Structure formats: C-alpha cells, structure tokens
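# here is my input, please return the structure:
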Amino acid sequence: QKRDLSAALASAREARLHAEQASRAKSDFLSLVSHELRTPLTVLRGHLELLESDNPREVDETKDLLLDEVDRMSQLVGDLILLAKSNRPDFLRVTAVDVDELTRTAFAKASALGERSWHLDESAKVTVRLDRQRLTQAILQLADNAVKHTDVGAEIGIGSSVRRGVIELWVRDTGPGVPM
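Okay, the predicted model is just below:
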C-alpha cells in the first residue's frame, strides 16, 4: 500500500508539472497572439487618426496600407483557426483524388491572385488518396506568397508530376524563395 501511495503521489506531481507547463505555454501563446493582433490595430488607428481626407493621394496610400494590415490580421486569425482544428480527428479528409484535376483547379484559382505570367508547368495523370482541401489550401498559400514576392508580370508556375513513384506538386516563381 505504501508503494502504491508513493507511485500515486509521484504520478500526481508529474501531472501537476505537465499542467503547469501547458498553462505557461497557453499564456505565452495568448500573449504572442494578442501582441500580433494589437500591432496592426495600432497601425490602423494611427493612420486613421492622421488621415487628411482632402488629400486624395494620401487617402489612397492609407487605404492600401490599412487593407494590407487587415489582410495580415485575417491571415493570423485564419492560421489560429487552422491550428485549433489541426488536433481534431476529422482535420484531414482523405479521399481518392485525380491529381491532374486538382492541379488544374488550383492553377485556375491561383491565376486570379495577381497579374503575373501564370504557367501550368505539368500535370500528373494519376489518382491518389489525399486531402484535396488541405492540399489546395497549401498550393494557394504558396501561390499567394509567390505573388507577394514577385513583380507584376513575373512568371509563376504551378505543376504536378510523378517521379520514381513519388508525387510532386509545386509552385515556382522568380522571387527570393522560402527560407529553409
């Protein structure tokens, strides 16, 4: 009985330590998120307070800046929602997907993201089991990054292929690239 009690106390201490660590991680995360949301809100407020509506050029510049900050906040909120859902068992919905059709659909959607020279490099003629929505989301995120980091008219390519039994999907552009 004494041994059982000692084991139970050790287990309770370990559980308490894990709970405290989780609580600290949650607090740190919430602090970071609140800072990340507060910063663009401060930018929005400052520019709106200083805006002189009788200067059309300043109004246009401020509008562009504010829309960029709103987009940044929307992206952060979207990322938080995605993160919250990622632990759910139904996060991935794997089904048989025609990769050619997925590639062409993603290409069509991506080409509306900006005035670039869009190219469908290649499209794999194969069906595999994957999560169409998550993969499309990833391709569009990479395409959006390509638009943000290239100039109007720059070439952006999207494609898929099967090489040595491995399916490859890509977004290629002339921008600085994603740091590895």
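# host element of Gln137?
helix 132-148 (DSSP states H and E).
# contacts for the helix or strand following that helix, please.
Note on helix 132-148: by DSSP H and E, the next helix or strand toward the C-terminus is strand 155-163. The contact list for strand 155-163 (Cβ atoms under 8 Å, 6 or more residues apart in numbering) reads 99-100, 102-103, 106-107, 110, 116-124, 126, 139, 143, 146-147, 150, 167-174. To be clear about C-beta, it is placed using only N, CA and C from the backbone, and glycine gets the same treatment.
# determine the angle, from 0 to 180 degrees, between strand 155-163 and helix 132-148.
Computed with axes from the mean of the first three to the mean of the last three Cα atoms, to 10 degrees, the direction of strand 155-163 lies at 140 degrees from that of helix 132-148.
# got the buried residues for strand 155-163?
By neighbour count with 16 or more other Cβ atoms under 10 Å, strand 155-163 contains the buried residues Ile156, Gly157, Ile158, Gly159, Ser160, Ser161.
# pretty sure Asp98 sits against Thr127.
Yes: contact criterion Cβ atoms under 8 Å: Asp98 and Thr127 qualify, at 5.2 Å.
# settle it for me: which of those two has more neighbours?
Using other Cβ atoms under 10 Å, the more surrounded residue of Asp98 and Thr127 is Asp98, with 16 against 13.
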